[in-house]
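sequence-free structure coming up:
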């Protein structure tokens with residue numbers, strides 16, 4: 001238990017052996033001032049590879065969103081944008097959100113734009129349709145490289 005819990009518990013028993021800082025110093029001296037939880041220790045993360053678009057049909061970004069004015073009714077806009085030209089390369093509206101519909105939309109975008117294997121990187125957030133099996137299979141079939149959201 002940490003010194004911040006040891007000192008008050010000992011005080012409840014009417015015993016004073018030292019301050020929190022004294023306990024901290026003793027634990028450090030005996031090499032017991034380490035991470036003692038059952039969780040995994042923090043790991044160093046490396047910054048992911050940055051993707052830069054230098055011409056069209058190289059880097060796409062997409063998202064699913066569309067609010068409505070009718071309570072309880074939702075539509076989902078699957079919107080694909082070319083990052084270099086800011087051109088909308090594909091847009092589909094569906095009544096539901098799923099990886100199957102996302103895969104269908106991606107297939108239409110790739111066939112309309114004439115995407116070659118390894119040509120396009122598709123950036124998205126970490127939503128379930130973006131990471132679904134049918135979407136990943138479609139990306140692999142077209143040779144589209146996935147790119148996920150970053151903390152910053």
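Here it is on my side, so go on. Here the structure is a predicted model, which means the values were calculated and not measured.

domain parsing for this structure?
Domain segmentation of the chain under automatic domain parsing yields 1-42, 59-147.

from those domains, which stretch is densest packed?
Counting by mean count of other Cβ atoms under 10 Å, domain 59-147 has the highest mean neighbour count of these, with a mean of 16. Yep, even glycine has a C-beta here, placed from its N, CA and C like the rest.

ok now it, how far from the chain's centre?
16 Å (Cα atoms, centre = their mean, to the nearest Å).

Next: stretch 137-149.
15 Å.

what about it, how long is it end to end?
20 Å (Cα to Cα, to the nearest Å).

Name the residues that touch it?
Stretch 137-149 is contacted from outside by 48, 51, 103, 106-107, 110, 115-126, 130, 136, using Cβ atoms under 8 Å, 6 or more residues apart in numbering.

hmm, 10 Å instead?
48-51, 59-61, 99-100, 102-107, 109-111, 115-127, 130-132, 135-136 (Cβ atoms under 10 Å, 6 or more residues apart in numbering).

related to what we said a few turns ago, now the domains of the chain in a markdown table, with mean pLDDT?
Putting those into a markdown table (pLDDT from 0 to 100) gives the following:
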| stretch | mean pLDDT |
| --- | --- |
| domain 1-42 | 86 |
| domain 59-147 | 87 |
